[in-house]
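Asks: Show me the folded form of this:
(2 chains)
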Amino acid sequence: MKNARVLLVEDCENDAFLVLATLKQSRIGIRHRRVWTRATLAAALQEDPWDAVISDYAMPQFGGFEALAMVKARNPDIPFILVSGAIGEETAVAACAAAHRISS
Amino acid sequence: MKHNLGRLGAVLIRAMGETEVRQSARAATEYLQANEALLNSIINTAADGIAVIDCGGVIEFANEALARMMGYEPPEMKGVELIRLLHQNSASTAFWEKLFCTTTQDCGKPADLQTNARSRTAGAIPVEIRASRMEMNGTPKATVVIRDVSERTRSEERVWRLAHFDELSGLPNRLLFRQLLEQALRDANRGKKLIAVLFIDLDRFKLINDTLGHDAGDDVLREVTVRVRQCLRESDIISRFGGDEFAALMRDIDDPEAARAAASRILSAVAEPYSLDGDEYHLSASIGISTYPGDSGDAAALLRNSELAMYRAKDQGKNNFQFHSPQMNARSFEQVVLERFLRRAIELDEFLLYYQPQVEVATGRVVGAEALLRWNHPGMGMMPPVKFIPLAEETGLIVPIGRIVLMRACVDAKRWQDAGAHDFRIAVNLSPRQFAHSDLVSDVRHILEDTGLPPETLELEITESMVMDKPERATAILHELRALGIQLAIDDFGTGYSSLGYLKRFPVNTLKVDRSFIKDIPDDTDDVAITNAVIAMGRSLRLSVVAEGVETAGQAEFLRNNGCDLMQGYLTGKPMPAAELDGFLEKNGLITLAALASIAPAQAPVPPTPSPEVTESTGGNLRQPAFRF
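Replies: Residues are numbered from 1 along each chain as shown, chains lettered A, B, ... in the order given. Model prediction:
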């Protein structure tokens, strides 16, 4: 499998490192870029094609839902994975539903 | 968060896999949609009709061209059985088998069929159909392409017609005639029948062209075409070779007499006057006849021989026919003499009418008479009809004779009506040739107008065989005659076909029971049964029934007891000349001689058109006075 192009929406460098390390452990080859503001997310979506977006749920600048909306508006096919330690069950369901609604 | 991250790789891989599937499905759908649009555009732009049918022949899809061709709206086509769009005789078994074969194996090459489609708007359309089997989701179907080839067929026909037909007359030209003759010779080799070729050349036709112009000449040629056609059987072929040359091909004839009779009829028909620019002109023809197998078995030789014979006819003074074989020209002396006498009898007015009274069976009241033809030849005396009617019929002379008979019968009947017998009915026999003659209806109309006879008092008698020959045409003529207001009777009923189905469709008023059935009643049980059946049938069809040949009181009583309407025969009055019928009617209290005397004497019979003698040239007397007859 060729390297997957993954866009990481994560303000915390440590968490980003963790995600990348985990993917590396799973023997998934990736090329990534990290953004954490609306502007940089928009630019990244504009500039490059992405195979997947992995986003933190809660960031100081803007939230995971907003990132999801931006990504889906750009290309509803891109898989969007929300990563969060603090997310509650209900919020996760809402996010899944939203992701589904947007993509279909 | 951290301890849950272990699943992230699996989630990512699954999500990306799902996306890939979704994307390629979407791409495939888009591709298919684009493809379908392309195919739809191609299919609906195609000029040929295209359909997909299931294995029951029901249309599942049809393009716009097919709908247009068949006169349907495109949505209406779905569910229609393909075979309903095609002409019934398109039952090419191989084709349909190929189309509907239910086995899964490939049926090989596409099947082709040429037939007619039945359009709701345009009627029959010649089409070429090509069908090939296919399979959709395991179900056998067929794609059918239907091509409208009417334009091509038309242009092919046009080219073929141009090459094989004469434009002026619409007849086959020399080339086609030759081909048909060759075909006829091939067919005749298998059978035992004769073939005759008649080479017909108009005499003095150049005179018409020179004096009246080519348009008038063309009109005459077209008229000649029509007349010659009427002298021949439908199966005979007429051709115009060009100029004033025609030819006729008679196949399947039993003996050369048929050709002789046809030639004689053609001479008579061509000799009838042509009206051009208000004047009447006369023409004649010379005919040469060759026969197979007598003369030759070769088409070229038969044509050459008939042409040579035609030139000999010209040498003999024109207006006659000659066989190529000298022995064929010999004909029974009696026949030749009789025909000449008959032609002269028309000119010299040697025909007489006898009248046989018709009376009401129930009351004995005289209601009318049947007119019967007699020929009083100066040398041979009174000739019975059987001696000369067949020859008159064969030569076509019966047509002018028939006009004379009808005219005179109407004049006489009008006299008796004016003298007091107001409802006096006159029955006149029509011969087969008269009935087939195109002028019959207008002749009858003119005669009624000229004599002033009320149409309902004239009854024309026809025989079953005359109408059974071409029932559709006969029915049309009978309706035209009835439209004039006259009555129609079927003569000699019971001796011919007696198809009840047709009897119902023919607009006749009267059945005449043949004398052969009356003769032996009331003794012969068969004849009694037949006569009773005819009377009963006549009643149920609301026809009047006339018994012929009633000679005894016993017969009359039988007819009275069984409800027969009218009778005629020696019992109530033998055929008698008009003057004798005057007395008969007076004795019966229908007319008074005083009233008869006050009426102007019967008009001198209107002279018929002089019929040029077939065996002699009429010389250069092209223009003759015009007569109605």
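Asks: ok, B:Ser284 touching B:Ser268?
Replies: No: the criterion here is CB atoms under 8 Å, and B:Ser284 misses it with B:Ser268 at 10.0 Å. From N, CA and C alone the C-beta is placed, and that goes for glycine too.
Asks: Now do stretch A:29-42: everything it contacts.
Replies: Counting by CB atoms under 8 Å, 6 or more residues apart in numbering or on different chains, stretch A:29-42 makes contact with A:1-11, A:13, A:16, A:20, A:23, A:43-44, A:48, A:59, A:61-62, A:66-67, A:70-71, all of which sit outside it.
Asks: so is the one residue in the stretch 251-400 of chain B that gets nearest to chain A in a helix, a strand, or just coil?
Replies: Of all residues in the stretch 251-400 of chain B, B:Arg251 sits closest to chain A, at 82.6 Å by CB to the nearest CB. Under the three-state scheme (DSSP: H, G, I helix; E, B strand; the rest coil), B:Arg251 adopts strand.
Asks: Any idea how many residues pack against it?
Replies: B:Arg251 is flanked by 21 other residues according to other CB atoms under 10 Å in any protein chain shown.
Asks: Not including adjacent chain positions, what is the nearest residue to it?
Replies: In space, and not counting its chain neighbours, B:Arg251 is closest to B:Ala184: 4.7 Å by CB to CB, 6 or more residues apart in numbering or on different chains.
Asks: B:Ser296 now?
Replies: Nearest to B:Ser296 is B:Leu302, by CB to CB, 6+ apart, at 5.3 Å.
Asks: which SS state does the one you found fall under?
Replies: What three-state DSSP gives for B:Leu302 is helix.
Asks: any idea how far A:Val19 is from it?
Replies: To A:Val19, B:Leu302 is 109 Å away according to CB to CB, to the nearest Å.
Asks: Could you tell me which residues of chain A lie near chain B?
Replies: Counting by CB under 8 Å from any CB of the partner chain, chain A comes close to chain B at A:4, A:6, A:15, A:18-19, A:22-23, A:25-28, A:51-52, A:54, A:77-79, A:81, A:83-86.
Asks: Show me how to select, in PyMOL, the buried members of those residues.
Replies: Only the buried entries of the residues of chain A next to chain B go into this PyMOL selection, using 16 or more other CB atoms under 10 Å in any protein chain shown:
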select buried, chain A and resi 4+6+15+18+19+22+23+26+28+51+52+54+78+79+81+83+84
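Asks: Mind giving me the packing neighbours of whichever strand or helix holds B:Leu596?
Replies: Element membership for B:Leu596 (DSSP states H and E) is helix B:593-598. Counting contacts by 3 or more CB pairs under 8 Å, 6 or more residues apart in numbering or on different chains; DSSP states H and E, helix B:593-598 packs against helix B:398-418, helix B:578-587.
Asks: where does chain A have its least confident helix or strand?
Replies: Within chain A, no helix or strand scores below helix A:89-103, which has a mean of 54 by mean pLDDT, DSSP states H and E.
Asks: how far away is the closest residue to chain A within the stretch 151-300 of chain B from B:Arg158?
Replies: In the stretch 151-300 of chain B, the residue that lies nearest chain A is B:Glu151 (53.7 Å; CB to the nearest CB). Distance, B:Glu151 to B:Arg158, using CB to CB: 10 Å.
Asks: Return the residues in contact with the residue nearest to B:Arg251.
Replies: B:Ile195, B:Leu249, B:Arg251.
Asks: try B:Val545
Replies: Shown in contact with B:Val545 (CB under 8 Å, 6+ apart): B:Thr510, B:Leu511, B:Lys512, B:Val513, B:Val534, B:Ile535, B:Gly538, B:Arg539, B:Cys564, B:Asp565, B:Leu566.
Asks: can you do 6 Å?
Replies: Neighbour list for B:Val545: B:Leu511, B:Ile535, B:Gly538, B:Cys564, B:Asp565 [criterion: CB atoms under 6 Å, 6 or more residues apart in numbering or on different chains].
Asks: B:Cys231 now?
Replies: B:Cys231 makes contact with B:Ala262, B:Arg265, B:Ile266, B:Ala269, according to CB under 6 Å, 6+ apart.
Asks: tell me the pLDDT at the first one?
Replies: Okay, so that is B:Ala262. Listed pLDDT for B:Ala262 reads 93.
Asks: so the host helix or strand of it versus helix B:398-418, what angle?
Replies: Assigned by DSSP H and E, B:Ala262 belongs to helix B:256-271. Here the directions of helix B:256-271 and helix B:398-418 differ by 60 degrees (axes from the mean of the first three to the mean of the last three CA atoms, to 10 degrees).
Asks: now for the helix or strand just after helix B:256-271, which elements pack on it?
Replies: Using DSSP H and E, the helix or strand that follows helix B:256-271 in sequence is strand B:274-276. Based on contacts counted as 3 or more CB pairs under 6 Å, 6 or more residues apart in numbering or on different chains; DSSP states H and E, the elements that strand B:274-276 packs against are helix B:214-230.
Asks: sorry, back to before: next, format the contacts of B:Val545 as a markdown table and append pLDDT and neighbour count.
Replies: Shown next, in a markdown table, are the contacts of B:Val545 (pLDDT from 0 to 100; neighbours: other CB atoms under 10 Å in any protein chain shown):
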| residue | pLDDT | neighbour count |
| --- | --- | --- |
| B:Leu511 | 89 | 25 |
| B:Ile535 | 88 | 20 |
| B:Gly538 | 85 | 23 |
| B:Cys564 | 92 | 27 |
| B:Asp565 | 93 | 20 |
